[in-house]
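**Student:** What follows is a protein structure lacking sequence information:
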């Protein structure tokens, strides 16, 4: 008998009562005769792929536990990609897959999402001017189409389908219980994008300033949630932590009472989904370590929270000043010429 088959049968036995006939049980699940089931259990007949999948699904056994290899302390696990193909419709797929995952959390008691934020999360973009810019920047930077890459922000109109999926995505994420770890640089990527699109002439000074003001509104909403320790659109909890000591990687842990999943980014809004129990436990422990070295800015931590958000607001003001000064300098140079 192959060691994977032996491991599978041993895991199934652990899930069954002692008074149940193991051969009868396997025969029933696989719709086989008693003799055919016996031959598979004893290793005289090899399980085919369909039978292996049927057993693992029926008894809720993760295939990682069967296929994991450990040699010289190197472990291999199975991961799932959220995007099979990176294409121009990646936003549709991202919103659809994200909604599926978050609905599972919302349907489970004692569930939460823990996010280690290197960059500003899309689910905090809200429904204003800033959200339009986020969608614009994502599509522009992910496309190879020259027409899309040179389209001015003023002419950009997201499709009805994208907006509908975005609003569904937003409505789900606004309700989930959330723990976030931020650093002072979490908003830097967004600020750099505003500066970049202004510098290449795809957004105007007025648009840049309006996007920046809309970003302030988004941050204000997060600050309020941290103060209240709950989400704006539900009674679920919200906790904000600040950490400048440990690198944050945009890695997400989705946790319910009985299940954990880790989402590891590998391209823009594309993730490897990991369900392997050992790996998710290791990552959960890593997050606990990050939290130990973080300051809690939720609830009664008013002074630390105000200092942190003032740092972020000041960064936005500095960007607005830089853009306005650059605009005046360009106009002055053009008037001389």
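**Tutor:** Noted; the coordinates are in hand. Computed from a predicted model, the values in this text were never measured in an experiment. Numbering: from 1, shown residues only.
**Student:** Please make it C-alpha for all contacts and neighbour counts, starting now.
**Tutor:** OK.
**Student:** where do the helices sit along this structure?
**Tutor:** Using DSSP state H, the helices assigned to the chain run over residues 3-15, 22-30, 34-41, 49-58, 64-67, 90-106, 129-142, 146-149, 160-173, 188-199, 205-228, 277-292, 302-336.
**Student:** I'd like to know which of the ones you listed is closest to residue 251.
**Tutor:** helix 277-292 (9.3 Å; CA to CA).
**Student:** Other residues contacting the closest one?
**Tutor:** Here helix 277-292 makes contact (CA atoms under 8 Å, 6 or more residues apart in numbering) with 116, 181, 241, 243, 246, 253, 260, 261, 262, 274.
**Student:** are any of these buried, and which?
**Tutor:** 116, 181, 241, 243, 253, 260, 261, 262, 274 (16 or more other CA atoms under 10 Å).
**Student:** can you list those residues in TSV and add pLDDT and distance to residue 161?
**Tutor:** Compiled in TSV, these are given as follows (pLDDT from 0 to 100; distance: CA to CA, whole Å):
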residue	pLDDT	distance to residue 161
116	96	30
181	98	32
241	98	35
243	96	37
253	97	28
260	92	31
261	93	28
262	95	28
274	90	29
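**Student:** Can you tell me which of those is closest to residue 77?
**Tutor:** residue 274 (8.4 Å).
**Student:** Run a quick check on the closest one versus residue 259, I expect a contact.
**Tutor:** No: with contacts counted by CA atoms under 8 Å, residue 274 stays clear of residue 259, the gap being 11.5 Å.
**Student:** Tell me the spacing between residue 116 and residue 45.
**Tutor:** 48 Å (CA to CA, to the nearest Å).
**Student:** Kindly apply the preceding question to residue 283 instead.
**Tutor:** Distance from residue 283 to residue 45, by CA to CA: 39 Å.
**Student:** neighbour-wise, which of these two wins?
**Tutor:** Neighbour count, other CA atoms under 10 Å: between residue 283 and residue 45, residue 283 has more, with 17 against 13.
**Student:** Next up, the contacts around residue 237.
**Tutor:** Counted by CA under 8 Å, 6+ apart, residue 237 has contacts 176, 177, 178, 229, 230, 231.
**Student:** Not counting sequence-adjacent ones, nearest residue to the fourth one?
**Tutor:** Nearest residue to residue 229 in three dimensions, chain neighbours excluded: residue 238, at 4.8 Å (CA to CA, 6 or more residues apart in numbering).
**Student:** quick one: contacts for the one you found?
**Tutor:** By CA under 8 Å, 6+ apart, the residues touching residue 238 are 177, 178, 179, 225, 226, 228, 229, 230, 231, 298.
**Student:** try 10 Å this time
**Tutor:** 112-113, 175-180, 222, 225-232, 298-299 (CA atoms under 10 Å, 6 or more residues apart in numbering).
**Student:** now the longest strand along the chain against helix 90-106, angle please.
**Tutor:** Longest strand of the chain, by residue count under DSSP state E: strand 260-267. Orientation of strand 260-267 against helix 90-106 (axes from the mean of the first three to the mean of the last three CA atoms, to 10 degrees) gives an angle of 170 degrees.
**Student:** hmm, who's touching strand 260-267?
**Tutor:** Outside strand 260-267, the residues that touch it by CA under 10 Å, 6+ apart are 79-83, 86, 101, 111-115, 142, 249-255, 270-277, 279-281, 283-284.
**Student:** Just the buried residues of these.
**Tutor:** Of the contacts of strand 260-267, these count as buried by 16+ other CA under 10 Å: 79, 82-83, 86, 111-115, 142, 250-255, 270-277, 279-280, 283-284.
**Student:** among those, which are in strands?
**Tutor:** Those of these lying in strands (DSSP E): 112-115, 251-255, 270-274.
**Student:** For residue 271, which non-adjacent residue is spatially closest?
**Tutor:** Counting by CA to CA, 6+ apart, the residue nearest residue 271 is residue 265, at 4.2 Å.
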